[in-house]
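What would the 3D arrangement of this be:
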Amino acid sequence: MIKKQSIETLNHQGYGIVRLNNKVIFVPYAIKGDVVDIEIVNNYKKYALANVLDYVIKSKDHKEVICPYYTSCGGCQISHMNYKKQLEFKQDKVKNIFNKYLDLEISPEIICDKEFYYRNKVVFHVVDSKIGYYKEGTNDLIEIQGCRLLDKRINEILPLIRKLDLTYVEKIMIRTTTKEMMIVFYGYIDKIDILKDKVDSIIQINIKEKLLHGKNYIKEEINDMKFIISHDSFFQVNTNVMKKMYDKVLEYSNVDNTKTVLDLYCGTGTIGLYLSKNAMSVTGIEIIEDAIKDANINKEINNITNTTFICGDVGRLINNEYKQDILIVDPPRSGLSDRTRKVILDNDYETIVYVSCDPMTLARDLKELLTKYELIDITLYDMFPNTYHVESVVLLHHKKDEK
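I've put the predicted structure just below:
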């Protein structure tokens, strides 16, 4: 045991940091201002990982966590921090990354909504008919009765799902929209009648996909626009924050009916279609075939005729023929590929709106893009409260366009 260690600051994953004998020690579930007794559990050459044995002093920002699974499931990492402090942590993280890697001083606003019960999607594992999450870093199941991050309707349906014969089920995915719910069973399931009155879509995926009840998609509405969501479509997990973020993308793009838009990593077309009513035309590119199918259906049900969706790998497909006025990028956590960054620099877009789920890869991409573009504004979104993740929306203008 190492006694009475003061937590100096936090790393980007929300771990507390202690420095001892010129070594950095990372301490989960501890925040700045805590004084803790710790035990080293993994000792490496340049750093160590420790567990808290006792909180000698707790920071005023340290709160008690109600969830009984908190320190084992790994689904959220900073619930022990009061919510105001969580938001400050995320702002500081992005500020520090931009300062270190881009030499830019920024003071971004962070937009938030509900602290709990916000997730519209979850994947549960099933082992010996028990439903839960895997313990972090293992395949050991933690059976759960409910999760405070999930839409309350997901927690409410769990007792009914437990009544089913889950012997041959490996995973269960549940998705919700404002009014609808989908359940997907991975494996074999029988006798689902008790769910039919409460669920709009039930799908079994064994050797192939089989619709058991309802339709094979659910619908969401965003500002009078309708979007279908299939079982494997990408859709933001926090609907309320997503709406606020899409409004910011629309504001930043400043699109009008004289402008053309290129929407890379377009998913089911939500952002591109959101902008389409203001634009001359929109072209979206996405690698997932089912997402493109959903995007085209979304286009039809919203009576949109000025949008084209293309299925393909953005990094391979993008070339210098894509010369639209406004570029929207919403890449995966890995960010933009080398080739995509090169095409962006070659094509001289007037405006770029970059939606990012990882500030580190965002900073890497911006380091190159800022040779020809100027950062005009950045807004952060707390899409995943109680986790260390933060979403960013960045507005870039081509330098030649600045007066």
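
Just the strands from the stretch 51-200 of the chain, written as ranges.
Per DSSP state E, counting those that start in this stretch, the stretch 51-200 of the chain has strands spanning 109-111, 121-127, 130-134, 141-143, 169-176, 181-187. These are given in chain order.

Just the residues contacting the first one, thanks.
For strand 109-111, contacts defined as C-beta atoms under 8 Å, 6 or more residues apart in numbering pick out 87, 90-91, 241, 244-245, 248, 379-382, 390. Backbone N, C-alpha and C define where each C-beta goes, glycine included.

Could you dump the strands of the stretch 51-200 of the chain into a markdown table with mean neighbour count, mean pLDDT and distance to residue 156 added?
Shown next, in a markdown table, are the strands of the stretch 51-200 of the chain (neighbours: other C-beta atoms under 10 Å; pLDDT from 0 to 100; distance: least, C-beta to C-beta, whole Å):
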| stretch | mean neighbour count | mean pLDDT | distance to residue 156 |
| --- | --- | --- | --- |
| strand 109-111 | 15 | 98 | 28 |
| strand 121-127 | 18 | 97 | 13 |
| strand 130-134 | 18 | 96 | 14 |
| strand 141-143 | 17 | 95 | 18 |
| strand 169-176 | 20 | 97 | 11 |
| strand 181-187 | 22 | 98 | 10 |
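
Residue 364: which of those strands is closest?
Distances from residue 364 to each of the strands of the stretch 51-200 of the chain were compared using C-beta to C-beta; the shortest belongs to strand 109-111, at 21.4 Å.

Now find how far off-centre that closest one is within its chain.
Centre-to-centre, strand 109-111 and its host chain are 16 Å apart (C-alpha atoms, centre = their mean, to the nearest Å).

okay, the closest residue to residue 33 other than its chain neighbours: pLDDT?
Leaving aside its sequence neighbours, residue 33 sits nearest to residue 59 (C-beta to C-beta, 6 or more residues apart in numbering; 2.9 Å). Per-residue confidence for residue 59 comes out at a pLDDT of 96.

What residues does residue 59 make contact with?
7, 31-34.

Quick check: which of the strands of the stretch 51-200 of the chain is nearest to residue 252?
Smallest distance to residue 252 across those (C-beta to C-beta): 13.0 Å, for strand 109-111.

Mind listing the strands that closest one pairs with, and their directions?
Strand 109-111 has the following strand partners under DSSP bridges: strand 373-381 (parallel).

So what's the gap between stretch 62-70 and the chain middle?
Between the mean C-alpha location of stretch 62-70 and the chain-wide mean there is a distance of 22 Å, by C-alpha atoms, centre = their mean.

mean confidence score for stretch 242-261?
The average pLDDT within stretch 242-261 is 96.

For residue 45, find the nearest of the strands of the stretch 51-200 of the chain.
Evaluated over these, closeness to residue 45 peaks at strand 130-134, with 29.1 Å, by C-beta to C-beta.

Just checking the distance from stretch 144-163 to the centre of its chain.
On the basis of C-alpha atoms, centre = their mean, the separation between the geometric centre of stretch 144-163 and that of its chain is 21 Å.
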